[in-house]
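Engineer: Any chance you could fold what I've pasted below:
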Amino acid sequence: MAKKKAPVETGHILFDVYYQDGQRTSNRKVPRALVGGLDGEDPVRGFIEEQDREIAQMSGKPRGPIKSISRSPN
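Structural biologist: Residues are numbered from 1 along each chain as shown. A predicted model of the protein is given here:
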């Protein structure tokens, strides 16, 4: 009989990001592995800030600072 392997967390969790200037972006994908650890929201915030830097570099339009992050209700 074969042994079962431990489940591997894959996929993404969606977040809504609210910026200090009042803008909002919905359904930002964050790897499931970054969510739910002892560090709380810090890994998620860091991942989204890195995405924002990459987007700003490509588009030439920087984003403002993040005010808050919450899970999307989807």
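
Engineer: gap between the spatially most central residue of the chain and residue 42?
Structural biologist: Centroid check for the chain by CA atoms, centre = their mean gives residue 30 as the closest residue, at 3.7 Å. Between residue 30 and residue 42 the computed distance is 12 Å (CB to CB, to the nearest Å). Every C-beta, even on glycine, is put in place using the N, C-alpha and C of the backbone.

Engineer: ditto for residue 73
Structural biologist: Counting by CB to CB, the gap from residue 73 to residue 42 is 23 Å.

Engineer: Among those two, which residue is more densely surrounded?
Structural biologist: Neighbours per residue (other CB atoms under 10 Å) separate residue 73 from residue 42, with residue 42 holding more: 11 against 7.

Engineer: ranges for the helices of this structure?
Structural biologist: For the chain, the helices defined by DSSP state H cover 42-59.

Engineer: Low-confidence stretches in it?
Structural biologist: 1-2, 5-9, 37-40, 74 (pLDDT under 70).

Engineer: So which residues of it form strands?
Structural biologist: 12-19, 24-31, 66-71 (DSSP state E).

Engineer: Now render those as a markdown table, adding distance to residue 58.
Structural biologist: Shown next, in a markdown table, are the strands of the chain (distance: least, CB to CB, whole Å):
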| stretch | distance to residue 58 |
| --- | --- |
| strand 12-19 | 18 |
| strand 24-31 | 15 |
| strand 66-71 | 19 |
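
Engineer: Just give the number of residues close to residue 17.
Structural biologist: By other CB under 10 Å, 24 other residues sit near residue 17.

Engineer: That one and residue 28 touch, don't they?
Structural biologist: Yes: at 5.6 Å, residue 17 counts as touching residue 28 under the criterion of CB atoms under 8 Å.

Engineer: Overlap of the contact sets of those two?
Structural biologist: Among the neighbours of residue 17, those also in contact with residue 28 (CB atoms under 8 Å, 6 or more residues apart in numbering) are residue 48.
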